[in-house]
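Asker: need coordinates for the below:
(one chain, ligands or ions: 1)
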Amino acid sequence: MRHHTTFRQLEIFESIARLSSFTRASEELYLTQPTVSMQMKKLTDIVGSPLVEQVGKKVLLTEDGRELAQATREIFAILDRYTMSVAQRRGLEKGKLKLMAITTASYFAPRLLGEFAKLHPGIDVSLRVTNKEQVLASMADNLDDLYLLGQPPDEIEVVATPIMDNPIVVLAAPGHPLAKEKHIPLARLAQEPWVMREAGSGTRKAIERLFREQGLEIRPRLELGSNEAIKQAILAGLGISALSCHALTLHQPGQFAVLDAEAFPIQRHWYAAYPAGRQISVVARAFLDFLLTQSSETACSPGGGAACCGEGCGK
Ligand code: PGA
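Answerer: Numbering: from 1, shown residues only. This is a model prediction of the structure:
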């Protein structure tokens with residue numbers, strides 16, 4: 001039988017078996033009924049015994065028919081897997097990856113994207129780093145393949161995968177009086193002048209939430225729209241702040257004092273997300289898998305290493 005049966009016949013048979021009807025199978029396959037009947041007759045002749053029987057309006061499978069239906073499903077599944085793996089190889093040889101990252105993710109996103117691009121030189125990569133509002137707008141319009149952010153948005157339904165830790169640590173200038181203290185209470189920190197990120201920043205929200213939970217409030221002395229500006233202000237002695245450990249990635253040990261403060265580091269995560277309805281591309285899926293294999297190596301190790309972040313950093 002193997003030498004005579006055609007894929008067309010198996011396809012027709014599979015459709016009849018699934019839909020229990022010659023008419024619906026012919027509609028599904030855009031064939032005329034006589035073609036379907038003729039191909040089924042040929043298939044039956046090759047097998048040498050009936051595959052279906054008509055019961056009222058329904059077409060039921062005989063025992064031989066059920067066995068063939070099972071074999072057909074297996075053949076088609078093998079072919080599907082083959083087609084998918086070819087597409088995957090092609091997709092990774094040549095394709096596009098559009099990423100969008102929220103501000104603070106700029107400390108690690110370019111490096112990871114660079115490493116991925118080296119592994120897949122045929123892929124065109126692009127990365128936009130922007131604020132939360134624009135990330136949400138781009139997500140709503142389904143513009144980019146993947147989004148790297150510190151908190152899956154409430155406003156849009158997304159599929160979000162945690163890709164690495166994002167500890168938030170309290171920073172001061174190295175000579176700051178609190179730099180030598182241990183277990184600094186939050187109430188004490190709240191008395192300090194703070195340099196804060198802009199309203200809407202995920203980092204800022206996490207800090208404010210922690211203090212609010214303790215019935216405390218911090219009053220920003222200075223509000224700055226970037227982590228880099230905040231670091232400059234800290235070094236200029238304008239106040240203390242709390243930033244993602246990743247914001248210290250390229251700094252020398254000891255350049256900042258990481259305060260040993262109660263309830264810090266705040267343990268957050270970085271997420272890779274995409275809108276729930278989006279079918280993500282082969283390339284985006286490969287990048288997501290790549291991120292997951294890289295996450296342990298990207299654990300926060302700023303200039304000061306674990307000592308810089310204090311206990312719990314990068315765990
Ligand atoms: P952000 O970082 O503070 O730059 O918004 C994102 C986040 O941590 O949620």
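
Asker: now do the same contact list for whichever residue of the stretch 51-200 of the chain sits closest to the ligand.
Answerer: Among the residues of the stretch 51-200 of the chain, residue 150 lies closest to the ligand, at 2.3 Å counting by CB to the nearest ligand atom. All C-beta atoms are positioned from the backbone trio N, CA, C, and that covers glycine. Applying CB atoms under 8 Å, 6 or more residues apart in numbering, we find residue 150 in contact with 102, 104, 105, 166, 202, 203, 206, 244, 268, 269, 270, 271.

Asker: what does this structure put close to the ligand?
Answerer: Proximity of the chain to the ligand is confined to 102, 103, 104, 132, 149, 150, 151, 197, 201, 202, 203 under the rule CB under 6 Å from any ligand atom.

Asker: now those residues as CSV including pLDDT?
Answerer: As requested, these are arranged in CSV below (pLDDT from 0 to 100):
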residue, pLDDT
102, 94
103, 92
104, 93
132, 87
149, 95
150, 94
151, 93
197, 95
201, 91
202, 91
203, 94
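
Asker: and those residues, which two are furthest apart?
Answerer: Among those, the pair separated by the greatest distance (CB to CB) is 149 and 197, at 14.5 Å.

Asker: what is the burial count for the residue of the chain found nearest the ligand?
Answerer: Of the residues in the chain, the one nearest the ligand is residue 202, at a distance of 1.7 Å by CB to the nearest ligand atom. Other residues lying near residue 202 total 21 when counted by other CB atoms under 10 Å.

Asker: same check on residue 140?
Answerer: Residues contacting residue 140 under the criterion other CB under 10 Å number 12.

Asker: next, the contact list for it, please.
Answerer: In this structure, residue 140 makes contact with 156, 275, judged by CB under 8 Å, 6+ apart.

Asker: about what we covered before: filter the contacts of residue 150 down to the buried ones and hand me the PyMOL line.
Answerer: Here is the PyMOL selection string for the buried members of these, based on 16 or more other CB atoms under 10 Å:
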select buried, resi 102+104+105+166+202+203+206+244+268+269+270+271
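
Asker: so which of the contacts of residue 150 are in helices?
Answerer: If you go by DSSP state H, the contacts of residue 150 have 202, 203, 206 in helices.

Asker: surely the second one touches residue 243?
Answerer: Yes - under the criterion of CB atoms under 8 Å, residue 203 makes contact with residue 243 at 6.2 Å.

Asker: what is in contact with those two at once?
Answerer: When contacts are counted by CB under 8 Å, 6+ apart, residue 203 and residue 243 are jointly contacted by 104, 168, 227.
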